[in-house]
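1. Any chance you can model this:
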Amino acid sequence: MFFRLEHNCIYVTDMEKTINFYENALNLKVLRQKKSDSMEIAFIGNEESAQQVEVIHVAGRTKYYDHGENSVHFALRTDDIEAARAKHTEMGCFDHDVPEFGVYYIKDPDGYLVEIMPVRK
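-> All right, here's what the predicted structure looks like:
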């Protein structure tokens, strides 16, 4: 028996804005997308990893979701963390550094944190 991690899920207030952010900030693309009268779902990712992010927008939802005190996030590795940090700072989505671990965080349009990690050698 095995278990393979497939995706994480986030609920967003604007599907197009979210997809544009992840495309520009992290080079993630829509892998598949479905829409009904009540919701729209997109799976985003890239060929670097089998892991995906499921993005859900409930029709009519415009109020941001409350993330509470729990800092739930997902992480991506990069081969050039300094160039990535410069890009995210320029985009205005840089949130904070954790220098003792060599990582930093960005925030997406709905306030979700994304950890950016260097490739470990």
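2. So for the strand of greatest length in the chain, what gets flagged as buried?
-> For the chain, the longest strand by residue count, based on DSSP state E, is strand 49-58. Buried residues in strand 49-58, counted by 16 or more other Cβ atoms under 10 Å: 52-53, 55, 57. Quick note: C-beta positions are derived from backbone N, CA and C, even for glycine.
3. just those now: which is nearest V72?
-> Of all those, the one sitting nearest V72 is V53; the distance, using Cβ to Cβ, is 12.4 Å.
4. what sits against that closest one?
-> Listed by Cβ atoms under 8 Å, 6 or more residues apart in numbering, the contact partners of V53 are 7-10, 22, 28, 43-45, 74.
5. Beta-bridge partners for it, please?
-> Under DSSP bridges, the beta-bridge partners of V53 are N8, I44.
6. Y11 versus that one, what's the distance?
-> Here V53 is placed at a distance of 12 Å from Y11 (Cβ to Cβ, to the nearest Å).
7. Model confidence for E6, exactly?
-> E6 carries a pLDDT value of 88.
8. Spell out the secondary structure type for I116.
-> Here I116 takes the strand state, with states given by DSSP: H, G, I helix; E, B strand; the rest coil.
9. Then D110?
-> coil.
10. Please list all residues in contact with it.
-> D110 neighbours (Cβ under 8 Å, 6+ apart): 10-13, 18, 64-65.
11. ok now do the closest residue to it other than its chain neighbours, which residues does it touch?
-> The shortest distance from D110 to any non-neighbouring residue, by Cβ to Cβ, 6 or more residues apart in numbering, is to V12 (4.9 Å). Applying Cβ under 8 Å, 6+ apart to V12 gives the contacts 18, 55-57, 108-110.
12. pLDDT at V12, what is it?
-> For V12, the pLDDT comes out at 96.
13. That one and T18: what is the separation?
-> Taking Cβ to Cβ as the measure, V12 falls 4 Å from T18.
14. overlap in contacts of these two?
-> 55, 57, 108-110.
15. Out of these, which two sit at the greatest distance?
-> Greatest spatial distance among the shared contacts of V12 and T18 (Cβ to Cβ): H57 and D108, at 13.1 Å.
16. list the residues that contact both of the two?
-> Applying Cβ under 8 Å, 6+ apart, one finds that H57 and D108 are jointly contacted by 12, 18.
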